[in-house]
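In: coordinates only, sequence not included:
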Ligand code: GUN
């Protein structure tokens, strides 16, 4: 039987503990931790993510402020908003929701955030600390994958781990976190020759390729542990899509083929996704504590 690694369960368990930690921060510091969420434009998926992040803050006692900016904003105007939040003592974390509308530089906007106020862990300052082995905050999605492994007591040390994808937000920091946990790590990507021959050797595979359901059973050895970071909406009528005009979510892995083949797998939805938000909240509290 393949074990389902529920991020929902892990996030819920950690959220209960986080509520207590936030309360204890408030008693000590006489203020709540603060997260500023910046959304530029009206990308529908980003609007949903931002709404969920704000709701999650409310649940744990972190005060969030929402800064909605038009997609006509200039890079300089966006930087002015970030500078104001950098200087605001009630703000512990600043999140600029990605992707930004065309014409705006994500790199410049992200780098404008003070590393000490970067709960996404995406500034070069925080990525640098991570890769130097002196982590302040690690990026939320790969950190969430590690916490799922920790919760389910999945040993990483000594194992072979393959990360599929090399983005700054998931693939690269994921590889570093696995390395720090003493795995032997390989990073595969879109230019890798014969991906199947690489992933099918691995004890642990983390997939963050951004391609719906492209990895079936033949990509994984029997007994492997799989974390599926992908999230895609399958339209009605597509294979696996929902009936009656309802779309259905899926990951990068063809999970139905992995049942009774993998040792354990994260589902989509309910796997890595809920952990990303939980890690954002935990990182925000950590930054608040470091500033205090
Ligand atoms: N867009 C998709 N995921 C993320 C994330 O974790 N942080 C930010 N800032 N934008 C995102």
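Out: Okay, I see it. These numbers come from a predicted model, not from an experiment.
In: against the ligand, how distant is residue 210?
Out: Distance from residue 210 to the ligand, counting by CB to the nearest ligand atom, to the nearest Å: 11 Å. Glycine gets a C-beta too; all of them are placed from N, C-alpha and C.
In: over to residue 6?
Out: For residue 6 relative to the ligand (CB to the nearest ligand atom), the value is 20 Å.
In: residues touching the nearest residue to residue 285 once chain neighbours are set aside, list them.
Out: In space, and not counting its chain neighbours, residue 285 is closest to residue 33: 5.3 Å by CB to CB, 6 or more residues apart in numbering. Neighbouring residues of residue 33 by CB atoms under 8 Å, 6 or more residues apart in numbering: 22, 25, 61, 62, 63, 92, 93, 284, 285, 287, 288.
In: any chance of these in JSON lines, plus secondary structure, neighbour count and distance to the ligand?
Out: As requested, the contacts of residue 33 are exported to JSON lines (DSSP: H, G, I helix; E, B strand; the rest coil; neighbours: other CB atoms under 10 Å; distance: CB to the nearest ligand atom, whole Å):
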{"residue": "22", "secondary structure": "helix", "neighbour count": "22", "distance to the ligand": "20"}
{"residue": "25", "secondary structure": "helix", "neighbour count": "20", "distance to the ligand": "23"}
{"residue": "61", "secondary structure": "coil", "neighbour count": "18", "distance to the ligand": "21"}
{"residue": "62", "secondary structure": "coil", "neighbour count": "26", "distance to the ligand": "16"}
{"residue": "63", "secondary structure": "strand", "neighbour count": "16", "distance to the ligand": "18"}
{"residue": "92", "secondary structure": "coil", "neighbour count": "28", "distance to the ligand": "15"}
{"residue": "93", "secondary structure": "strand", "neighbour count": "29", "distance to the ligand": "11"}
{"residue": "284", "secondary structure": "helix", "neighbour count": "30", "distance to the ligand": "12"}
{"residue": "285", "secondary structure": "helix", "neighbour count": "23", "distance to the ligand": "16"}
{"residue": "287", "secondary structure": "helix", "neighbour count": "27", "distance to the ligand": "14"}
{"residue": "288", "secondary structure": "helix", "neighbour count": "24", "distance to the ligand": "18"}
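In: kindly report the residues of the stretch 151-292 of the chain close to the ligand.
Out: Counting by CB under 6 Å from any ligand atom, the stretch 151-292 of the chain comes close to the ligand at residue 276.
In: returning to that earlier point: quick one: the residue nearest to residue 285 from residue 206, how far?
Out: 29 Å (CB to CB, to the nearest Å).
In: my read is that residue 50 contacts residue 96, right?
Out: No. Contact criterion CB atoms under 8 Å: residue 50 and residue 96 do not qualify, at 10.6 Å.
In: neighbour count: those two, which is higher?
Out: residue 96 (25 against 20; other CB atoms under 10 Å).
In: give the contact list for the more buried one.
Out: 38, 40, 78, 82, 106, 109, 110, 113.
In: got the phi/psi numbers for the second one?
Out: Spelled out, it's residue 40. Here is the backbone geometry of residue 40 (degrees, to the nearest 10): phi -100, psi 130.
In: that one bridge partners, please.
Out: Beta-bridge partners recorded for residue 40 (DSSP bridges): residue 69.
In: that one: neighbour count?
Out: Using other CB under 10 Å, residue 40 has 24 neighbouring residues.
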